[in-house]
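Asker: Got a predicted model here, sequence first, then my questions.
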Amino acid sequence: MKLLALNCNQCGAPLEVPAKAKFVTCNFCSTQLSVQRTDKVAYTEAIEEIQERTRQMSEDLKHLKKQSAVEDLDRSWRRRREQFMIRSQQGELSVPRKGMAIGIGAFTTLAGLLWMGFAMSIGAPGFFPLFGLLFVGAGLFNAMRLSAKADDFHRSHRAYLSKRHDLLS
C-alpha cells in the first residue's frame, strides 16, 4: 500500500497517510484532518476549520439572500409608488394626501356655490347657475377620488414597510 508523507496543518507533526485516504486523525494533537489533493500536491486541512468556513459561507449566503430580497422589494415599491403619484400643473409629482383631497374638493365646491350665487344674483339665464352645480359635482368627485387614492397609497406603503421590516428582522 502506497503512503503519502504529509504534515498535520494544526501541529506540524509528520503523518503517513494511505494514498486513497480522505480523512485522518493526527496521532500527536488528535485533530481530525481532511486530506486535500490537487494534480501535484496533497495537504491536510483541519475539519473544524472547514466546518467553520462552511458555516461562515452559509451565513454570508443567508445575508446576501436577505439583502437581495430587500432590494427586490424596494424596487417593486418604487414602481408601485409611481402609480399613486399625482402630477401638478407644473409637472411635479407628489404623494396623494387626504388633506389635499379635502382642500381641492372644498375649493371647487365653494367656487361652484359662489358661481351659482353670482349667476342667480345678476339674473343670468337658467343654465348659468347650473355650471355651479357642475363645479360642485366635479369638486366632490375629485375629492372622493383623491381621498381614495391617498388611502390606497398609505395602505400599500404600510404593507411595504411591514414586509421590509419582516425581511430585515
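Answerer: Great, that's in hand.
Asker: switch to C-alpha atoms for all contacts and neighbour counts from now on
Answerer: Fine.
Asker: What are the buried residues along the strand or helix carrying residue 78?
Answerer: For residue 78, the host element (DSSP states H and E) is helix 47-84. By neighbour count on 16 or more other Cα atoms under 10 Å, the buried set for helix 47-84 is 47, 70, 73, 77, 84.
Asker: what does the helix or strand bottoming out on mean pLDDT in the chain contact?
Answerer: Lowest by mean pLDDT, DSSP states H and E among the helices and strands of the chain is strand 42-46, with a mean of 84. Outside strand 42-46, the residues within contact range by Cα atoms under 8 Å, 6 or more residues apart in numbering are 6, 7, 8, 9, 10, 31, 32, 33, 34, 35, 36, 37.
Asker: Can you lay out the residues you listed as JSON lines showing neighbour count, pLDDT and distance to residue 20?
Answerer: As requested, these are arranged in JSON lines below (neighbours: other Cα atoms under 10 Å; pLDDT from 0 to 100; distance: Cα to Cα, whole Å):
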{"residue": "6", "neighbour count": "16", "pLDDT": "92", "distance to residue 20": "13"}
{"residue": "7", "neighbour count": "18", "pLDDT": "91", "distance to residue 20": "16"}
{"residue": "8", "neighbour count": "25", "pLDDT": "90", "distance to residue 20": "17"}
{"residue": "9", "neighbour count": "15", "pLDDT": "85", "distance to residue 20": "19"}
{"residue": "10", "neighbour count": "17", "pLDDT": "86", "distance to residue 20": "21"}
{"residue": "31", "neighbour count": "18", "pLDDT": "90", "distance to residue 20": "19"}
{"residue": "32", "neighbour count": "18", "pLDDT": "90", "distance to residue 20": "16"}
{"residue": "33", "neighbour count": "22", "pLDDT": "92", "distance to residue 20": "14"}
{"residue": "34", "neighbour count": "19", "pLDDT": "90", "distance to residue 20": "12"}
{"residue": "35", "neighbour count": "20", "pLDDT": "90", "distance to residue 20": "9"}
{"residue": "36", "neighbour count": "13", "pLDDT": "89", "distance to residue 20": "11"}
{"residue": "37", "neighbour count": "11", "pLDDT": "88", "distance to residue 20": "10"}
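Asker: Parallel or antiparallel, which strands does the least confident helix or strand of the chain pair with?
Answerer: strand 32-37 (antiparallel) (DSSP bridges).
Asker: so how far is the partner strand from its chain's centroid?
Answerer: When distances are taken as Cα atoms, centre = their mean, to the nearest Å, strand 32-37 is centred 42 Å away from the chain's centroid.
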